[in-house]
Each structure stands twice: as C-alpha cells, then as structure tokens.
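Asks: need a 3D model of the following:
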Amino acid sequence: MLLELTPKRVLIRVEYDGTSYAGWQRQSNALSIQAVIEVALSVLFQTKICLTGSGRTDSGVHALGQTAHFDCVTNNTAEKIMYALNSLLPDDIKIRECKFVSSDFHAQYSTKRKTYKYTIYLSNTIQPLKTRFAERVFPPLNIELIKQAITILLGTHDFAAFSAYSRSVKTTTREIYDVSIQQASDEISFSITGNGFLYKMVRMLVGALIAVGKQQMKIDDISKMLASGKRDINFKTLPAKGLCLVHVEYESALTDNDK
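Replies: Okay, the predicted model is just below:
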C-alpha cells in the first residue's frame with residue numbers, strides 16, 4: 001500500500017561560506033545561496049520549489065544559522081529530506097537542521113530576534129588562514145573603551161546613522177538586546193543580538209566600536225549620531241567577509257513540530 005503524500009511546511013537551518021556568492025537572495029545576474037538551494041530542492045522534489053528566507057545576507061557574508069522555509073508534498077521524514085538535499089548541495093552550502101513546522105510559520109515574519117557575529121584579528125600583516133572570515137585591524141586596540149561604548153548601543157534606538165538603508169524601509173528604529181566582545185589571543189569577535197538589523201548596520205556598528213578602540217572617535221560621538229541620525233564622524237564600514245549570521249530565534253510553538 002502506497003503512503004499518501006501530504007503537504008508539509010519545512011524549516012531549514014543553513015550554514016554557508018558566502019565568499020563565492022552574491023548574497024542570500026536570488027538574483028538574475030549573479031549566483032546566490034537561495035538559488036543554489038532552490039535548484040537542489042527542485043531536483044529532489046521534481047517540481048519547482050521556492051524558498052523564503054529569514055532575511056538577506058549581503059555578498060560575501062557567511063552564516064551558521066540562516067533559516068528559510070519551503071512547502072512540499074512528501075511522506076519522507078525531515079531527516080531524510082536534509083540528507084538528500086545535502087547530497088545535492090556544494091561543499092560551501094549545507095543544511096544543518098531540517099524540521100516540519102506549522103502552516104502559519106513564516107521564516108521572516110515569525111522571527112523574534114537575530115544574532116550576528118563580526119570577527120577581526122589584530123596583526124601588522126595579513127594572516128592567510130584568517131583573512132577569508134575575518135578583517136585585519138592594526139594593533140593596538142583599547143578593549144576597555146570598546147566595552148564602555150557597547151553599553152550605549154543597548155536598548156531601542158534610531159540607527160539611521162549606522163545603516164545604508166533605503167527609502168523602502170518603514171522605520172530605522174531597532175532594539176538591541178545584547179552586545180558582547182570576546183578575545184582569544186589576537187582574534188576578537190563582536191556578537192550582536194537584536195529584533196532586526198538595517199542594511200550594513202552590524203558592519204557599521206562594529207566599525208564605530210573599533211574606531212573608539214583606536215581612539216579615532218569618542219564614545220560620546222556614538223551617542224550623538226544615535227540622537228541625530230546623521231553620520232557626522234568618518235569611520236570605516238567593515239567588509240562583509242568578517243560577518244556571520246549565527247542564530248535566528250522563533251516562538252517555540254511555531255517550530256516544535258515533528259522532525
């Protein structure tokens with residue numbers, strides 16, 4: 001007796017090295033992570049499958065925990081779907097988790113919070129084994145000044161001065177729940193959790209924190225820019241290669257379905 005095929009909504013968590021791709025979102029003139037996964041899905045299910053991601057990551061940005069959902073008709077388990085899909089994907093894109101979710105789940109609109117990590121390393125010369133996933137910063141760097149500046153970013157603010165937002169964005173106000181800094185030898189990572197992020201916002205915020213640590217700008221300058229919405233101080237917007245989407249969090253009721 002054949003098992004009846006049933007409609008399913010599937011949530012996937014994706015890890016990828018974004019170096020060779022023009023970001024997450026499907027594009028007509030460049031290779032994207034979304035497009036590569038959609039091709040694999042369409043081969044697997046023998047029909048066109050469209051992915052809905054939790055949001056975009058820019059060209060060159062990496063992910064440990066990008067999430068997306070798709071709809072399919074299947075009697076396979078989520079685990080079998082994950083292994084089959086991974087067999088069709090290149091080595092720099094892999095599915096780390098796959099689960100069935102409720103039909104009202106939405107990878108973007110059901111998001112509660114996201115966590116990004118930006119990694120730098122302190123060195124007078126480029127280190128080839130680090131430069132693919134981290135930005136080099138010349139030492140020294142005053143970590144204590146950076147920790148003081150971090151406290152200003154917590155809470156709800158208008159981050160217009162720290163983004164390259166477009167007019168299509170309804171509001172530039174976002175809430176930052178946590179910002180932390182960890183150092184291991186010459187490698188330093190900044191972890192930022194919030195309810196959402198504007199275009200290039202994390203890369204600009206970390207760039208401003210580093211400028212404070214280099215004593216190229218004052219801590220009060222960050223407060224003034226948050227208040228004015230204007231980027232009055234010239235600091236570096238860090239490149240995409242050091243940025244990684246680590247985690248996307250949802251309401252458990254929407255995702256705790258059978259795997």
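
Asks: for this structure, what spans make up the strands?
Replies: 6-16, 52-53, 62-74, 93-101, 111-122, 135-137, 155-158, 173-184, 187-194, 243-250 (DSSP state E).

Asks: just give me how far the shortest one sits from the chain centre.
Replies: When you say that, I think you mean strand 52-53. 13 Å (Cα atoms, centre = their mean, to the nearest Å).

Asks: what of the fourth one?
Replies: In terms of Cα atoms, centre = their mean, the centre of strand 93-101 is found 16 Å from the chain centre.

Asks: count the neighbours of the closest residue to L51 other than its chain neighbours for me.
Replies: Among residues not flanking L51 along the chain, A68 sits closest, at 4.6 Å (Cβ to Cβ, 6 or more residues apart in numbering). Glycine gets a C-beta too; all of them are placed from N, C-alpha and C. Counted by other Cβ atoms under 10 Å, the residues lying close to A68 total 24.

Asks: still on that earlier bit, Y83: which of the strands of the chain is closest?
Replies: Of all those, it is strand 93-101 that lies closest to Y83, at 8.7 Å by Cβ to Cβ.

Asks: list the contacts of the residue nearest to L51.
Replies: A68 sits next to 11-12, 14, 34, 37, 51-54, 107 when contact means Cβ atoms under 8 Å, 6 or more residues apart in numbering.

Asks: repeat for P90
Replies: Here P90 is in contact with V36 (Cβ under 8 Å, 6+ apart).

Asks: so what pLDDT did it get?
Replies: pLDDT for P90: 98.

Asks: do the same with the one 5 residues further on
Replies: For I95, the model assigns a pLDDT of 98.

Asks: quickly note the distance from it to I49.
Replies: For I95, the distance to I49 (Cβ to Cβ, to the nearest Å) stands at 13 Å.

Asks: export the contacts of A68 as JSON lines, with columns for distance to Q25, neighbour count and pLDDT.
Replies: Supplementary listing: those in JSON lines, determined by distance: Cβ to Cβ, whole Å; neighbours: other Cβ atoms under 10 Å; pLDDT from 0 to 100:
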{"residue": "L11", "distance to Q25": "18", "neighbour count": "25", "pLDDT": "98"}
{"residue": "I12", "distance to Q25": "16", "neighbour count": "23", "pLDDT": "98"}
{"residue": "V14", "distance to Q25": "13", "neighbour count": "26", "pLDDT": "98"}
{"residue": "Q34", "distance to Q25": "6", "neighbour count": "22", "pLDDT": "98"}
{"residue": "I37", "distance to Q25": "12", "neighbour count": "26", "pLDDT": "98"}
{"residue": "L51", "distance to Q25": "10", "neighbour count": "21", "pLDDT": "98"}
{"residue": "T52", "distance to Q25": "11", "neighbour count": "16", "pLDDT": "98"}
{"residue": "G53", "distance to Q25": "7", "neighbour count": "22", "pLDDT": "97"}
{"residue": "S54", "distance to Q25": "12", "neighbour count": "26", "pLDDT": "97"}
{"residue": "A107", "distance to Q25": "13", "neighbour count": "22", "pLDDT": "97"}
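
Asks: which one of those is nearest to L44?
Replies: Proximity of the contacts of A68 to L44 (Cβ to Cβ) peaks at I37, which lies at 10.2 Å.

Asks: so G23 sits against A63, correct?
Replies: No: using Cβ atoms under 8 Å, G23 is not in contact with A63, being 10.7 Å away.
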